[in-house]
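Participant: Sequence and predicted structure below; questions after.
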Amino acid sequence: MYLCPKKESMLSTSHFVPKDYLNTIEKGSFEWSAPSNIALVKYWGKREHQIPANPSVSFTLKNCKTITKLSFQKIEKGTDFSFDLLFEGQPKESFRPKIQKFFERIERYLPFLKEYHFIIDTQNTFPHSSGIASSASGMAALAVNLMSLEKQLNPEMTEEYFNQKASFLARLGSGSACRSIKGEVVIWGNHQETENSSDLFGVEFANLHSNFKNYQDTILLVDKGEKQVSSTLGHDLMNGHPFAEKRFEQAHKNLSKIKSILNNGAFDEFIEIVESEALTLHAMMMTSMPYFILMKPNTLEIINKIWSFRAATQTPVCFTLDAGANVHVLYPENVREVVLQFIKNELVAYCQNGQYICDEMGVGAIQLNEF
Ligand code: DP6
C-alpha cells in the first residue's frame, strides 16, 4: 500500500466527538441544498471506516443537487433512531436502511441523534433514474442539516469546524459526498503535497486559475438504467486487485500534477490527466475479478467524437466518466456556445432520448431556510 508519511497536524476522529452542549432545543427545522461533484482524479478503493485508498479531487457542481429539509422534535431518548423519510413529499421507506446505517456510523459524533424524532424530506433537481448518483449530494445535504442542529446546541462552533465536520459526517454516508460541502474544487485524502489534506474530510483548493472559473460540465445521459455495480462493491474490488498499488501511486502523482495545472491554467495538460483518470477508472473495473464493462457503445462513440472535434478545432474540451456509461463533457466557459452547438449537432444522437444536463462549477452546500 502506498502511504504518505503521517503529518504532525493530522486531526484524529476524536476531534469530531463533541464535549457538552451549551444549549437545549425542542424543535425546529432547517433546509439546505448540496450539489453533486465530478472527480478529476478518481476515488476508487477504500479501507474500513470510509478511508480512501488514494486521494482525489473534484469540481463541485451547481445545478445537480439535493434539497433536504430536516425537521426535528425532542423525544425521550430511545434505544433506536426515530425518523421518517420523504422523497419529493411522498414516504420513501426504501431509503431507510441507508439512513439507519448512516446514523449508526455517525452517532458517536452526534450523540443527540436518539433524542430527536426527525423528518427527512428530500428532492433532487436531476431526473430520478438519470444514472447520476444522488448519494454524494444527498449525504452532503443531510450532513449540513445535522450540523445546523449541532450548531444550535453549541453556538460557539466556528464556521471552519462546521464545514470540516459536515464533510467528515458526509464521508461516512458516501465517500465522495465529503467533496460536496464547500469550495469550487475539493481535495479529499492524505496527500503529501497538500497541506491540511486529510482522509477524514475534504479541503478546498483555493488557487484556481481563472481559466477554470465557472468550468462547464454537460452530462450526456447515455444509459439511465440502474447501476450494474454498486460503488461499495466496486471499491471492494480494489482489495486484492492486481494493479491496485500502482493505481494508488498514480493517483498521488496525478493529484500533484493537476494541482499545479489548476493553478497555472494549462488546458492541454488538464485534458491529458482528466481523460486518463476516467479511462483508468474503467480499466480498473475491467481488470478486477469479477470484471465489468460499464461503458456502452455510445460512450465510445461520444469519446471519439470529442477527440475528432478537439483535433479539428483546438477547442479545449474533454470528457470524464463516473462508474457508469454517462459522459461528462468538460470545457471552459468562454467556449460554451461552440461546444453546446457541437453537442447538439453531433453528440445528442448518442444520448438516451436525446437527454443531457447542463451544469457548471458551483460553490458547495447552501442554506435555504431555518424555521
Ligand atoms: C467513481 O462515493 O459513490 O464516482 O464511498 O461507497 O459511497 P461510497 O462510494 P462513492 O464512489 C464514487 C466513485 C467515483 C469516483 C469519485 O467520485 O471520486
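Facilitator: Now that the structure is in, tell me what you want to look at.
Participant: same for whichever helix or strand A166 is part of, what does it pack against?
Facilitator: Counting by DSSP states H and E, the element that carries A166 is helix 159-173. Applying 3 or more CB pairs under 8 Å, 6 or more residues apart in numbering; DSSP states H and E, one finds that helix 159-173 contacts helix 96-106, helix 135-153. Backbone N, C-alpha and C define where each C-beta goes, glycine included.
Participant: Now render the ones you listed as CSV, adding mean pLDDT.
Facilitator: Shown next, in CSV, are these (pLDDT from 0 to 100):
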stretch, mean pLDDT
helix 96-106, 97
helix 135-153, 97
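Participant: ok, then the element right after the longest strand that the chain contains?
Facilitator: Taking DSSP state E as the criterion, the chain has its longest strand at strand 56-74. With elements assigned by DSSP H and E, the helix or strand that comes after strand 56-74 is strand 82-87.
Participant: now that following strand and helix 96-106, what's the angle there?
Facilitator: 130 degrees (axes from the mean of the first three to the mean of the last three CA atoms, to 10 degrees).
Participant: residue contacts, the residue of the stretch 251-371 of the chain found nearest the ligand?
Facilitator: The nearest approach of the stretch 251-371 of the chain to the ligand comes at A323, 4.1 Å away (CB to the nearest ligand atom). Residues near A323 by CB atoms under 8 Å, 6 or more residues apart in numbering: W44, K227, V229, S231, G234, L281, M285, L294.
Participant: Which PyMOL command selects the buried ones in those?
Facilitator: To isolate the buried members of those in PyMOL, using 16 or more other CB atoms under 10 Å:
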select buried, resi 44+229+231+234+281+285+294
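Participant: what's the closest of the contacts of A323 to W32?
Facilitator: Closest approach between the contacts of A323 and W32, by CB to CB: S231, at 23.0 Å.
Participant: And the pLDDT for whichever residue of the stretch 201-350 of the chain sits closest to the ligand?
Facilitator: The nearest approach of the stretch 201-350 of the chain to the ligand comes at S231, 3.5 Å away (CB to the nearest ligand atom). pLDDT, S231: 83.
Participant: That one contacts A136, doesn't it?
Facilitator: No: counting by CB atoms under 8 Å, S231 stays clear of A136, with 9.9 Å between them.
Participant: quick one: common contacting residues for the two?
Facilitator: By CB under 8 Å, 6+ apart, the residues touching both S231 and A136 are S174.
Participant: any idea of the mean pLDDT for stretch 334-342?
Facilitator: Mean predicted lDDT for stretch 334-342 stands at 98.
Participant: Can you tell me what sits against it?
Facilitator: By CB under 8 Å, 6+ apart, the list of residues contacting stretch 334-342 reads Q216, T218, F309, T313, T315, P316, V317, V329, Y331, C358.
Participant: what's the farthest-apart pair in these?
Facilitator: T313 and C358 (19.9 Å).
Participant: What pairs with whichever helix or strand comes after the helix holding A166, parallel or antiparallel?
Facilitator: Using DSSP H and E, the helix or strand that follows helix 159-173 in sequence is strand 185-188. Note on strand 185-188: by DSSP bridges, its sheet partners are strand 56-74 (antiparallel), strand 202-204 (antiparallel).
Participant: closest one to the ligand among these?
Facilitator: Nearest to the ligand, of all the strands paired with strand 185-188, is strand 56-74, at 4.5 Å by CB to the nearest ligand atom.
Participant: Pull the contacting residues for the nearest residue to Y356 once chain neighbours are set aside.
Facilitator: Spatial nearest neighbour of Y356, excluding adjacent residues (CB to CB, 6 or more residues apart in numbering): L220 at 4.8 Å. By CB under 8 Å, 6+ apart, the contact set of L220 is I302, N326, V327, H328, V329, I343, L347, V348, Y350, C351, Y356.
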